[in-house]
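what shape does this take:
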Amino acid sequence: MPDVSSHWAEVLTPALTEAFTIGFADRPASLIPSVFAVKGSERADERHIGVGVLSSRNWQLDGAYGGGRVRYDDRNKGYPATFTHREFASGFVVERKLIDDNLSTQAFDDANALGDAAFRVRERSGASVFNNAFTSTTNEDGYSTLGPDSVVLCSSAHPYSADASGSTQSNAGTSALSKANVAATRVAMMKFTDDRGDIMDVMPDTLIVPPDLEDTALEITKSLLDPTSGQNAINPQAGRFRTIVWHYLTDTNNWFMAESSRMKRSLIWYDRIPVEFAREQDFDTLQAKFRCYMRYSYGWRDWSWIYGHAVT
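Here you go, the predicted structure:
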């Protein structure tokens, strides 16, 4: 049996690690993987170079460019996006006398609570993309809420590209969640155009709502018959959308529509250092220090996957 008087912290570490892991996992499943493309990283930051599309016009070989001659296209310059990883850490201290007095349960509770807190830190970071979608600010993690095109995620003035000037387009509204407004928002997203002015083929399939709007969203998306009609009219929105309910969305009225495939290409979470639990050496005191450390970044490269409503 190990000498507890000299190795008490080392003996305690495996059990506290298990308690931390249980605390981190013993919750509803994280929604970060459902919303973000989760990637690893081996750099201090990750950089993406934005570019426009290749044109879908003037493809005919016998058109204005002469029979049999291919027209070679260049893409417009887009907006660069940089994901700079930030550090997140917290911990607790276990005193030697707790072990001597058979009070180690407190240490296990601390480890469990630290795992729980680590989960909530990450969820709050992920949800901040939506909570700050309409506001130009710096969020609590220190990130600007402006996107690569220098406007917020849901804005009425998204520029087409770095090379295009003049016109902008909108992915922001103020309409309350209803069947009619879901239909109108879907049509608006399907009319998004690219930097060449062509239809982007956006096909929205997801509603993202706070718990306060869950029942309304389910009525809109699951009722086969129109929930607002007494005439057995069909509900065209039935089956078109899945609903994501995120506890960490802070506004009880705001809601979002997204195309899931574009969302997973544009909304990115980088785990530079995944969640880790460890004991730090402290030889000068009769205390053992246990800490959680993680390093990550998150954000978006493009806005065309989402339409948000800031409802007053």
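
just the helices from the protein, written as ranges.
4-25, 32-35, 96-100, 104-131, 179-190, 214-222, 260-266 (DSSP state H).

for those, which has the smallest mean pLDDT value?
Among the helices of the chain, helix 96-100 has the lowest mean pLDDT, at a mean of 71.

stretch 122-137: which residues count as buried?
For stretch 122-137, the neighbour count (16 or more other C-beta atoms under 10 Å) marks 122-134 as buried. In this view, the C-beta of every residue, glycine as well, is placed from N, C-alpha and C.

stretch 156-169 now?
So for stretch 156-169, counting by 16+ other C-beta under 10 Å, buried means 158, 159, 160, 161, 162, 164, 169.

about what we covered before: for residue 141, which of the helices of the chain is the nearest?
Taking C-beta to C-beta, helix 104-131 is the member of the helices of the chain nearest to residue 141, at 5.5 Å.

elements contacting the closest one?
With contacts taken as 3 or more C-beta pairs under 8 Å, 6 or more residues apart in numbering; DSSP states H and E, helix 104-131 sits against helix 4-25, helix 32-35, strand 86-95, helix 96-100, strand 267-280, strand 287-300.

relative to residue 311, which of those is closest?
Taking C-beta to C-beta, helix 32-35 is the member of the helices and strands packed on helix 104-131 nearest to residue 311, at 20.4 Å.

name the helices or strands packed onto the closest one?
Applying 3+ C-beta pairs under 8 Å, 6+ apart, we find helix 32-35 packed against helix 104-131.

angle of the helix it packs on against strand 86-95?
160 degrees (axes from the mean of the first three to the mean of the last three C-alpha atoms, to 10 degrees).

now do helix 104-131 against helix 4-25, angle only.
For helix 104-131 against helix 4-25, the angle by the same axes, to 10 degrees is 30 degrees.

least trustworthy helix or strand in the protein by mean pLDDT?
helix 96-100 (a mean of 71; mean pLDDT, DSSP states H and E).

residue 170 and residue 190: what is the separation?
14 Å (C-beta to C-beta, to the nearest Å).

residue 27 too?
Per C-beta to C-beta, residue 27 is found 36 Å from residue 190.

check contacts around the closest residue to residue 288 other than its chain neighbours.
Distance criterion C-beta to C-beta, 6 or more residues apart in numbering; nearest residue to residue 288, sequence neighbours excluded, is residue 9 at 3.6 Å. Residues in contact with residue 9 (C-beta atoms under 8 Å, 6 or more residues apart in numbering) are 94, 279, 288.
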